[in-house]
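[1] mind looking at a prediction? Sequence and model below.
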Amino acid sequence: MSQPKVVKDNEVSPFVMFDVHPQGEAHIGESDHLHLVKLCEKVRTRLTPPLAMSMRPHRVGMRNCLSLHLSNNIGVTLDLLITLTGNTVWPDDNEYAKGTRWYVNLTDATDMMWFLKTLELMTFQEE
């Protein structure tokens, strides 16, 4: 899986973060891409590489969730809760600055898989 192609917002369905056609590459709109870049930059600001990630899928009520626990080799940690809600919601600046856990809502499992892969490609690569 390579990084998604960034396209104009009107070239992606307004209901998803990633448009993915069968056997095709993923596309992400410019607005969501900017949010994703910001999230990755905030992760890298808080945690210096190399990074490790553990994942725990679970449910909160009827919602499917994925807890991500990120850590670096000096013991600094960060937790993200990814929840499938049918819409996309990003952490706000206050959450980035003060939150012990960042919350991200995504539309569906396809968005979650591409989100995780893109997070890995953009965040876990050592400079």
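    Done, it's in.
[2] how about stretch 6-14: buried residues?
    Buried residues in stretch 6-14, counting neighbours by 16 or more other C-beta atoms under 10 Å, are found at Val6, Val12. C-beta: built from backbone N, CA, C; applies to glycine.
[3] so where is this protein shaky, pLDDT-wise?
    Low-confidence segments of the chain (pLDDT under 70): 125-127.
[4] which helix is the longest one in the chain?
    helix 30-46 (DSSP state H).
[5] burial check on Gly75, number of neighbours?
    Counted with other C-beta atoms under 10 Å, the neighbours of Gly75 add up to 6.
[6] what sits against it?
    With C-beta atoms under 8 Å, 6 or more residues apart in numbering as the criterion, no residue contacts Gly75.
[7] ok, back up a step: what's the first helix or strand after the longest helix of the chain?
    Remark: after helix 30-46, the chain's next helix or strand is strand 51-60, criterion DSSP states H and E.
[8] next, the angle helix 30-46 makes with that following strand.
    On the basis of axes from the mean of the first three to the mean of the last three C-alpha atoms, to 10 degrees, strand 51-60 is oriented at 120 degrees to helix 30-46.
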